[in-house]
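K.L.:
next come a sequence and a model predicted from it.
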Amino acid sequence: MLATRPPTRLPSATPPASTPVTTAPTPDPYAALSVAALAERAYGGGLLRIEERLEQNDDFARYLIRYPSDGLSLFGFMNVPHEGERFPVAIVLHGFIEPADYDVVDYTTRYADALARAGYMVFHPNYRNYPPSDAGDNPFRVGYAVDVLNLIAIIRAQSEDPTGVLRRADGNYIHLLGHSMGGGIALRVAIVWPEAIRALALYAAMSGDEAQNFARIQEWAGGRAGAFEREAPLTALRAISPIYHLEQLQAPVGIHHGTADTVVPPAWSDDLCARLQARAHPVECFRYERQPHTFRGAADALLQDRVIDFFRRH
């Protein structure tokens, strides 16, 4: 018996109607980085935990802390004064350090310690990508700001637990001090979540304009800064840059900058001061003659005194 083949199908005289192919629009890779997007999302979740005690002196104890931020495990330290039942909170944000050279107890420790001696519970996060914290995305340093925003949300929630490790923190009184890169982070945080911040101190802070920051970072990096930031369109840069959203800022601002700073231009602080004054926003602006990017000696002591006084008044 001969095998048979399936009958040959002849083409139809009328071809079937074609189904139109729809292509989903390409997501905007910069949209989630905008101030508006950051203000709309949620923060917090999880618990801040004490890993070990690092130091104890007559005024306070220093603890190594760990907390979650968008699925990452982050570290830092916390200074807790000995005397008192309830403390206002100060969060101290460090500037750029090569991650390979970073130590959790770094150069900004002296500001954290001064605030602890003044009666603040102080948190010093080291951000993602700074060991021993996990690595994570950080375009325009937005990831660092998210890490601080998550920390604030955790402090506010966990301080309400009468038996928890943050029971002595007053989550209704949170103050920010940021140096250099940390100042840029602090400005973004205070604009994204204005209700959470009582006072904002900026010390030789980077610009709130990401175009200015990128140009400066290009100089530092010898033109090797990231392509993602380089290719951002102007509309995205304006949406991401805190300088274009100052109307959302509520906290009083103290601005401090040395006239001999060769790292971050003092003109950036002058510009921010002028913009805030033009808006009749409460702001105090201080220039420190012949001081470099990071103060030392009498000028550094004066800075600490002014920041503590500023926080106490707010």
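P.N.:
Done, it's in. Numbering: from 1, shown residues only.
K.L.:
next SSE after the strand or helix carrying residue 212?
P.N.:
Residue 212 belongs to helix 210-220 when assigned by DSSP states H and E. Note on helix 210-220: by DSSP H and E, the next helix or strand toward the C-terminus is helix 227-230.
K.L.:
helix or strand right after that next one?
P.N.:
helix 234-240.
K.L.:
hey, C-alpha coordinates of that following helix in CSV?
P.N.:
Provided in CSV are the C-alpha atoms of helix 234-240 (Å, rounded to 0.1, in the frame of the first residue of the first chain):
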residue,chain,number,x,y,z
LEU,A,234,17.6,68.6,29.5
THR,A,235,14.0,67.8,30.5
ALA,A,236,15.2,64.9,32.5
LEU,A,237,18.0,66.9,34.2
ARG,A,238,15.5,69.5,35.3
ALA,A,239,13.1,66.9,36.6
ILE,A,240,15.9,65.2,38.6
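K.L.:
average model confidence for that helix?
P.N.:
In this model, helix 234-240 has an average pLDDT of 96.
K.L.:
before we move on, what about stretch 286-294?
P.N.:
On average, stretch 286-294 scores 98.
K.L.:
ok, stretch 44-64 next?
P.N.:
pLDDT averaged over stretch 44-64 gives 97.
K.L.:
name the residues that touch that stretch?
P.N.:
65-68, 75-82, 104-105, 113, 116-117, 150-151, 153-158, 164-166 (CB atoms under 8 Å, 6 or more residues apart in numbering). C-betas here are computed from N, CA, C, even on glycine.
K.L.:
buried ones in that stretch?
P.N.:
44, 46, 48, 60, 61, 62, 63, 64 (16 or more other CB atoms under 10 Å).
K.L.:
filter the residues you listed down to the ones in strands?
P.N.:
Residues of the buried residues of stretch 44-64 located in strands (DSSP state E): 60, 61, 62, 63, 64.
K.L.:
one step back: which helices and strands sit right next to the helix holding residue 212?
P.N.:
If you count contacts as 3 or more CB pairs under 8 Å, 6 or more residues apart in numbering; DSSP states H and E, helix 210-220 packs onto helix 227-230, helix 234-240.
K.L.:
any idea how far stretch 160-174 is from the chain center?
P.N.:
21 Å (CA atoms, centre = their mean, to the nearest Å).
K.L.:
just the strands in the stretch 151-300 of the chain please.
P.N.:
Using DSSP state E, counting those that start in this stretch, the strands of the stretch 151-300 of the chain run over 169-179, 199-203, 253-258, 283-288.
K.L.:
good, wrapping up.
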